[in-house]
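Participant: From the sequence below, what's the structure:
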Amino acid sequence: MKYYPVCLQVEGRRCLVVGGGKVAERKVLGLLGSGAVVIVISPELTPGLAQLGAEGSLTWMSRGYTPGDAEGFFLVMAATDDSIVQNQVRDDGLRFNILVNVADVPEKCNFILPAVVKRGALSIAISTSGKSPALAKKIRQELEVKLGPEYELVVEMMGLLRPHVLQWKLPQADNEILFNGLMEGGLLSLVVERDWPKIQVYLEEGLGRALPLGLVGELKKLVLR
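Facilitator: Okay, here's the model as predicted:
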């Protein structure tokens with residue numbers, strides 16, 4: 001089976017998780033972290049899920065899954081060992097033309113979840129197309145060690161710089177040269193050192209012009225926070 005990698009925008013969308021165990025809890029936390037509106041159907045919950053329910057972070061329907069429950073949701077995830085329920089969720093996903101994932105049963109899914117390394121707005125997804133979650137986990141753990149918090153900071157800095165540079169209305173090829181040049185130099189090392197004066201010189205030399213004071217202030221505040 002072949003897969004096409006995408007990033008879903010789930011913020012504010014209703015997402016259903018079927019199951020209340022540890023696997024379901026991981027699914028719920030991932031969805032909540034992306035801003036989804038989460039509903040859980042399960043007779044029981046882990047203490048962690050129960051706490052989230054008590055805080056109002058999710059809606060808990062304390063019962064088993066009933067065919068048709070998935071209608072109207074953006075996506076549904078089944079995190080249960082009950083093969084009958086898994087099949088009901090899969091069938092509903094197909095019937096209502098919604099995204100459906102059955103944990104650890106890729107043949108019952110129309111999307112699968114990669115292992116993910118997160119550094120703020122930076123997300124790195126690792127997938128083996130369902131063939132070896134253990135290898136994906138190993139790669140994720142290696143990347144988590146390799147990619148420090150400086151990557152999160154550089155992403156935030158580029159988020160401020162990019163709109164400013166695009167206002168210059170340069171040809172796309174010139175923009176690529178500028179942005180690639182910033183990444184290929186020593187920016188990450190300077191960010192690790194939090195050496196703002198050197199970072200400012202690096203950015204302005206790399207971009208070939210001085211930055212406006214307002215933007216300099218925002219970048220400096222970001223680096224020194």
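Participant: Let me see the ranges of the helices in this protein.
Facilitator: Assigned by DSSP state H, the chain shows helices spanning 22-33, 47-55, 83-95, 133-146, 150-166, 172-184, 187-193, 196-207, 213-224.
Participant: what sits up against the first one?
Facilitator: Spelled out, that is helix 22-33. 10, 15, 17-18, 38, 40, 42, 46, 48-49, 52, 57-58, 77, 79-80, 103-104, 113, 116 (Cβ atoms under 8 Å, 6 or more residues apart in numbering). Backbone N, C-alpha and C define where each C-beta goes, glycine included.
Participant: ok, back up a step: got a markdown table for the helices of the chain, with distance to K108 and mean pLDDT too?
Facilitator: Output for these, formatted as a markdown table (distance: least, Cβ to Cβ, whole Å; pLDDT from 0 to 100):
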| stretch | distance to K108 | mean pLDDT |
| --- | --- | --- |
| helix 22-33 | 14 | 96 |
| helix 47-55 | 23 | 97 |
| helix 83-95 | 4 | 95 |
| helix 133-146 | 15 | 94 |
| helix 150-166 | 35 | 94 |
| helix 172-184 | 40 | 92 |
| helix 187-193 | 42 | 91 |
| helix 196-207 | 49 | 94 |
| helix 213-224 | 44 | 94 |
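Participant: Adding distance to E71 as columns, could you present those helices in a markdown table?
Facilitator: Output for these, formatted as a markdown table (distance: least, Cβ to Cβ, whole Å):
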| stretch | distance to E71 |
| --- | --- |
| helix 22-33 | 18 |
| helix 47-55 | 22 |
| helix 83-95 | 7 |
| helix 133-146 | 30 |
| helix 150-166 | 38 |
| helix 172-184 | 44 |
| helix 187-193 | 47 |
| helix 196-207 | 51 |
| helix 213-224 | 44 |
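Participant: about what we covered before: buried members of the contacts of helix 22-33 into PyMOL, please.
Facilitator: Filtering these down to the buried ones (16 or more other Cβ atoms under 10 Å) takes a single PyMOL command:
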select buried, resi 10+15+17+18+38+40+42+46+49+52+58+77+79+80+103+113
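Participant: picking that back up, between the helices of the chain, which gets nearest to A121?
Facilitator: Among those, the nearest to A121 by Cβ to Cβ is helix 150-166 (5.0 Å).
Participant: what helices or strands is the closest one leaning on?
Facilitator: Using 3 or more Cβ pairs under 8 Å, 6 or more residues apart in numbering; DSSP states H and E as the contact test, the elements touching helix 150-166 are strand 115-119, strand 122-126, helix 172-184, helix 187-193, helix 196-207, helix 213-224.
Participant: out of these, which comes closest to E150?
Facilitator: Across those, closest to E150 is helix 187-193 (Cβ to Cβ), at 4.5 Å.
Participant: Just list what that closest one packs against, helices and strands only.
Facilitator: Checking 3+ Cβ pairs under 8 Å, 6+ apart, helix 187-193 ends up next to helix 150-166, helix 196-207.
Participant: swap the cut-off to 10 Å and go again
Facilitator: helix 150-166, helix 196-207, helix 213-224 (3 or more Cβ pairs under 10 Å, 6 or more residues apart in numbering; DSSP states H and E).
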